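Trainee: Pasting a predicted model and its sequence here:
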Amino acid sequence: MCESCDSNAAPPINDRRRFLRLAGLGAGALLLAGAMPTRIIQAAEKTSTSPKPQNAINPDEALQRLIEGNERYVSGHSKTHNFMDEREALVSGQNPFVAVLSCSDSRIAPEYAFDTARGDLFAIRVAGNFVTDEGLASIEYGVAVLGAPLILVLGHESCGAIEAGIKAVKDHTVFPGHIPKLTDALKSSVETVLKQPGDLVENATVQNVKNSVERLKKATPLLTDALGKGNLKIVGGIYRLATGKVELIA
């Protein structure tokens, strides 16, 4: 998708600024309650200048742009990005069009998988791509302060964290260090699909994405309010290692 086509898809900038003003008002209320530092309010004010106007789009447009980027990546026709110009444009702030919660697996690189540039994708990564309290706080920041209109929970094939979760449930394997924190978090997804037909790892991977999407949809007023107003969409997908294709599942 060419830059001119992308920019034509963007709604009037006033809609973007209106949403950011609302986010700023909400942040101001939290500040008065002692729940949010002044620097976050300042970040919201800086972001209102929209350093990347092409990212000021609605949730459906953001999802379509993500899909088209993945299609370019799969076909081997990714764009050539001018990182020097992008760095200069983003000195004043950021306004990503998507927040992605993905696995830490080194084979998964969301910025590449969706052919995005600097300032486009707000990334939160943890092995097993499940929602932690810290990850949720990061996502809230991405939506309420930076104005991201889309959240994607991205799982992938052959996830080691999922496989470990299955071993913990089926074989009662106890892993060293803090790894049990991962397996405990994935236990519910594994148990839900334990007796389902088909490949257990695949089923648990899909269920984990669905569980994370549902948790985000109900987790916090900052997200539910944006969902209710139509300013936010939350979806889930699975990354296929061999092809790079992302299949939307939730």
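Mentor: Done, it's in.
Trainee: where along the protein do the strands fall?
Mentor: Assigned by DSSP state E, the strands in the chain fall at 98-102, 121-125, 150-156, 233-239, 246-248.
Trainee: wait, which of the ones you listed is closest to residue 89?
Mentor: Ranking the strands of the chain by distance to residue 89, with CB to CB as the measure, places strand 121-125 first at 15.3 Å. C-beta: built from backbone N, CA, C; applies to glycine.
Trainee: Can you give me the distance of the residue lying farthest from the centre of the chain to residue 187?
Mentor: When each C-alpha in the chain is compared with the mean C-alpha position (CA atoms, centre = their mean), residue 171 comes out farthest, at 32.2 Å. Between residue 171 and residue 187 the distance is 13 Å, computed by CB to CB, to the nearest Å.
Trainee: Check residue 212 too.
Mentor: Distance from residue 212 to residue 187, counting by CB to CB: 14 Å.
Trainee: Comparing the two, which residue is more hemmed in?
Mentor: Taking neighbours as other CB atoms under 10 Å, residue 212 and residue 187 compare with residue 212 leading, 26 against 15.
Trainee: Could you tell me how many residues sit around the residue nearest to that one when sequence neighbours are not counted?
Mentor: Of all residues beyond its chain neighbours, the one nearest residue 212 is residue 153 (4.5 Å), with distances taken as CB to CB, 6 or more residues apart in numbering. Residues contacting residue 153 under the criterion other CB under 10 Å number 29.
Trainee: so who does residue 153 touch?
Mentor: By CB atoms under 8 Å, 6 or more residues apart in numbering, the residues touching residue 153 are 100-102, 129, 209, 212-213, 216, 234-237, 250.
Trainee: what's the answer for residue 183, then?
Mentor: Remark: with contacts taken as CB under 8 Å, 6+ apart, residue 183 is in contact with 161, 164, 165, 167, 168, 169, 175.
Trainee: rewinding a little: want to throw the strands of the chain into a markdown table with mean pLDDT and distance to residue 227?
Mentor: Putting the strands of the chain into a markdown table (pLDDT from 0 to 100; distance: least, CB to CB, whole Å) gives the following:
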| stretch | mean pLDDT | distance to residue 227 |
| --- | --- | --- |
| strand 98-102 | 98 | 13 |
| strand 121-125 | 98 | 17 |
| strand 150-156 | 98 | 10 |
| strand 233-239 | 98 | 7 |
| strand 246-248 | 98 | 17 |
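Trainee: Can I get these in JSON lines including distance to residue 110?
Mentor: Formatted as JSON lines, the strands of the chain follow (distance: least, CB to CB, whole Å):
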{"stretch": "strand 98-102", "distance to residue 110": "5"}
{"stretch": "strand 121-125", "distance to residue 110": "6"}
{"stretch": "strand 150-156", "distance to residue 110": "6"}
{"stretch": "strand 233-239", "distance to residue 110": "9"}
{"stretch": "strand 246-248", "distance to residue 110": "9"}
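Trainee: Tell me which of those approaches residue 82 most closely.
Mentor: Distance to residue 82, taken as CB to CB, is lowest for strand 121-125 among these, at 16.9 Å.
Trainee: Could you spell out the sheet neighbours of that closest one, each with its direction?
Mentor: For strand 121-125, the pairing partners within the sheet under DSSP bridges are strand 98-102 (parallel).
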